[in-house]
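Colleague: the sequence and its predicted three-dimensional model are supplied below.
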Amino acid sequence: MTLDDFPYLKFEGRNARRNNRTNRGDQGRLIRHLLDTGYDVREMPFVEDGGPVLFNLSLLLVAISDLDAKTQILHGTSWLVVDWYDDRLIWDPELYGGIEGVVVNIDQTWSPKLYLQNAILDKPENPVKDEVSQTFITYNGWLHLESPLIHHTSCDLKLEEFPFDEQECWLRFSLQNTPNYLVRLDITHFNIQRPNISSEWDITRPYPATKTDYITIEMIANGINITYEVMYIGFKLKRLPRFYIQNVMLPVTFLSWLSAVVFIIPAKSGERLSASISLVLGVTVFQIVITDNLPKSSRGDVVLLTVYVTECFIMSIMVTTMSAIVIKMSHQEGKIKNKFIRTIFFDRLGPWCFVSDSGCCRKKAKSSNPTESCTGGVLPAMNGVAGETRSSGAQALHPRGQAWVQKESSSQPVSQEFEESQAPKMMNDFELLACVIDRLFMIATLASLTAITAKFWGEM
């Protein structure tokens, strides 16, 4: 707001220079003439057509210190300017040393009492501060009042698109116990000092905006209706989401995708379940952070970011459950005889999941018997029979031959143990089934995380 916004405050250059040469006697004589010759602060200014007194409001929004989403309170600082006309405060500057304007205390002139309706205060308070404000009177009867305004007002927030939301907040001004047929509010100017008035919010255009509303109250005693005017001054705020993207959204996304990496950890290593639980705790921390910044409301639409974090939390719980199932299955031993399970998981899904057994069933010698068991029990039995034959035959041999046979039989277990240690370890049926199911769980987790992430970032 500049002097051009208030044309009734403009003075001619000649008169402005003469104001500097006025003496104190002229100013005191003028004040006594205006205020001590029958002027009553309880009397309203006279309007020739009998209409209401026009009360002009101008507001300069200086800063927004905070818009608390949890309490839904807007904390800001503005500069309030009030102008009105009083026909009793008119004089001729030529008669008072060229004085065209004078400053008096606010309680020395009539002024309506403003009231900020949506202020969050312990008691109603006039936004015009008497202790820091003064009234500037011009020779043509206009009164100009400026006052700093520190406002804490309620703002109905819509947080469905948090943190990419836009909010519309209003300051509601009215006159205390003054019907609209006596005094009418009007907005002259509403300016914003700068667009980046907050570290978290930006003012969007084409706002600010103003509108007028009326409140009718019926007096119970005599049944008379009294209508009060309410002036709305609004502005639209757009949240700057970089803080929440860097500190909440990206960490949650990375943690949720780490759930798929859990399936790479071997089931028998003993670290898979602890890694899954750590991811659950990590997502829970970010869920608490988001909850602390949002209001405790069960009405309206759900916040989209809360839905995303909840879905990631559910996925972490499911991954932990899947890991427990795979670990339990991999520690079982035995043979699965169900042909349906063997056909589906071993013959069909196993190759697609890149899972195969790595024992004697897959790597046998060409001279081995194809009907022998994969457990390797036939070979020790044959070795045992051969040992008995050799020992029985050794009894009929020469003592030197008997010694050679005993030496050969004693070296046989050593070579057999060496061959068994070099052979690949066989995977039992339950362990193989656990590997197949583990791969299926990993594929399902990747598909679910892709759908959840694409849905969230797509709606943003």
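Modeller: Structure's in. What do you need?

Colleague: and residue 121, how close does it get to residue 182?
Modeller: To residue 182, residue 121 is 26 Å away according to CB to CB, to the nearest Å. Glycine gets a C-beta too; all of them are placed from N, C-alpha and C.

Colleague: give me the more crowded residue out of those two.
Modeller: residue 182 (14 against 10; other CB atoms under 10 Å).

Colleague: got the contact list for that one?
Modeller: With contacts defined as CB atoms under 8 Å, 6 or more residues apart in numbering, the neighbours of residue 182 are 44, 52, 53.

Colleague: hmm, try it at 10 Å
Modeller: By CB atoms under 10 Å, 6 or more residues apart in numbering, the residues touching residue 182 are 44, 47, 51, 52, 53, 112, 175.

Colleague: do residue 288 as well
Modeller: residue 309.

Colleague: after whichever strand or helix holds it comes which helix or strand?
Modeller: Residue 288 is located in helix 272-292, with elements delineated by DSSP states H and E. Remark: after helix 272-292, the chain's next helix or strand is helix 304-330, criterion DSSP H and E.

Colleague: and that next one, what does it pack onto?
Modeller: helix 250-261, helix 272-292, helix 429-459 (3 or more CB pairs under 10 Å, 6 or more residues apart in numbering; DSSP states H and E).

Colleague: looking at those, which is closest to residue 212?
Modeller: helix 429-459 (36.8 Å; CB to CB).

Colleague: and that closest one, what's buried?
Modeller: Neighbour counts over helix 429-459 (16 or more other CB atoms under 10 Å) mark 429-442, 445, 448-449, 452-453, 456 as buried.

Colleague: which of the contacts of residue 182 count as buried?
Modeller: 52, 53, 112, 175.

Colleague: let's see the pLDDT reported for residue 204.
Modeller: Per-residue confidence at residue 204 stands at 79 (pLDDT).

Colleague: residue contacts, it?
Modeller: 166, 167, 168, 195, 235, 236, 237, 238.

Colleague: of all those residues, which two lie farthest apart?
Modeller: Put simply, by CB to CB the two of those set farthest apart are 168 and 195, 16.4 Å from each other.

Colleague: which of the two has more neighbours?
Modeller: Between residue 168 and residue 195, counting by other CB under 10 Å, residue 168 is the more crowded of the two (15 against 11).

Colleague: beta-bridge partners for the more buried one, please?
Modeller: When assigned by DSSP bridges, residue 168 has beta-bridge partners residue 236.

Colleague: is it true that it touches residue 235?
Modeller: Yes - counting by CB atoms under 10 Å, residue 168 does reach residue 235; the two are 7.7 Å apart.

Colleague: contact partners for the spatially most central residue of the chain?
Modeller: Geometric centre of the chain, nearest residue: residue 163, 4.5 Å, by CA atoms, centre = their mean. Going by CB under 10 Å, 6+ apart, residue 163 touches 69, 200, 239-245, 248-249, 290, 293, 303-305, 460.

Colleague: which residue packs closest to residue 252, ignoring adjacent ones?
Modeller: Of all residues not flanking residue 252 in the chain, residue 286 sits nearest, at 5.0 Å (CB to CB, 6 or more residues apart in numbering).

Colleague: pLDDT score assigned to residue 197?
Modeller: On the pLDDT scale, residue 197 gets 76.

Colleague: element containing it, please.
Modeller: Per DSSP H and E, there is no helix or strand for residue 197.

Colleague: coming back round to it: dump the helices and strands packed on helix 304-330 into CSV; add mean pLDDT and distance to residue 204 as well.
Modeller: Listed next are the helices and strands packed on helix 304-330 as CSV, based on pLDDT from 0 to 100; distance: least, CB to CB, whole Å:
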stretch, mean pLDDT, distance to residue 204
helix 250-261, 89, 25
helix 272-292, 88, 24
helix 429-459, 86, 20
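
Colleague: could the ones you listed be laid out in TSV, adding distance to residue 230?
Modeller: Compiled in TSV, the helices and strands packed on helix 304-330 are given as follows (distance: least, CB to CB, whole Å):
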stretch	distance to residue 230
helix 250-261	43
helix 272-292	34
helix 429-459	37
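
Colleague: okay, now the domains of this protein?
Modeller: Domain assignment for the chain by automatic domain parsing gives 3-240, 243-341+441-459.

Colleague: hey, least reliable of these by pLDDT?
Modeller: Looking at those, the weakest mean confidence is domain 3-240, a mean of 82.

Colleague: just how off-centre is that domain within its chain?
Modeller: Domain 3-240 sits 35 Å away from the centroid of its parent chain (CA atoms, centre = their mean, to the nearest Å).

Colleague: so residue 347: helix, strand or coil?
Modeller: helix (DSSP: H, G, I helix; E, B strand; the rest coil).

Colleague: my error: substitute residue 180 in the last question.
Modeller: With three-state DSSP as the basis, residue 180 sits in coil.

Colleague: quick check: it vs residue 190, distance?
Modeller: Distance from residue 180 to residue 190, by CB to CB: 20 Å.

Colleague: then residue 88?
Modeller: Taken as CB to CB, the span from residue 88 to residue 190 is 29 Å.

Colleague: ok, now residue 37?
Modeller: For residue 37, the distance to residue 190 - CB to CB - is 37 Å.

Colleague: what's the burial count for the closest residue to residue 275 other than its chain neighbours?
Modeller: Among residues not flanking residue 275 along the chain, residue 262 sits closest, at 5.3 Å (CB to CB, 6+ apart). Per other CB under 10 Å, the neighbour tally for residue 262 reads 22.

Colleague: residues in contact with residue 262?
Modeller: 271-273, 275-276, 278-279, 316, 319-320, 322-323, 441-442, 445.

Colleague: what about 6 Å?
Modeller: Residues counted as contacts of residue 262 (CB atoms under 6 Å, 6 or more residues apart in numbering) are 272, 275, 276, 319.

Colleague: doesn't residue 321 make contact with the third one?
Modeller: What it means is residue 276. No - look at residue 276 against residue 321 with CB atoms under 6 Å: they stay out of range, at 8.7 Å.

Colleague: which of those two has more neighbours?
Modeller: Counting neighbours by other CB under 10 Å for residue 276 and for residue 321 shows that residue 276 has the greater number, 23 against 12.

Colleague: ok, the residue lying closest to the more buried one once chain neighbours are set aside to residue 274 distance?
Modeller: Among residues not flanking residue 276 along the chain, residue 320 sits closest, at 3.9 Å (CB to CB, 6+ apart). Here residue 320 is placed at a distance of 10 Å from residue 274 (CB to CB).
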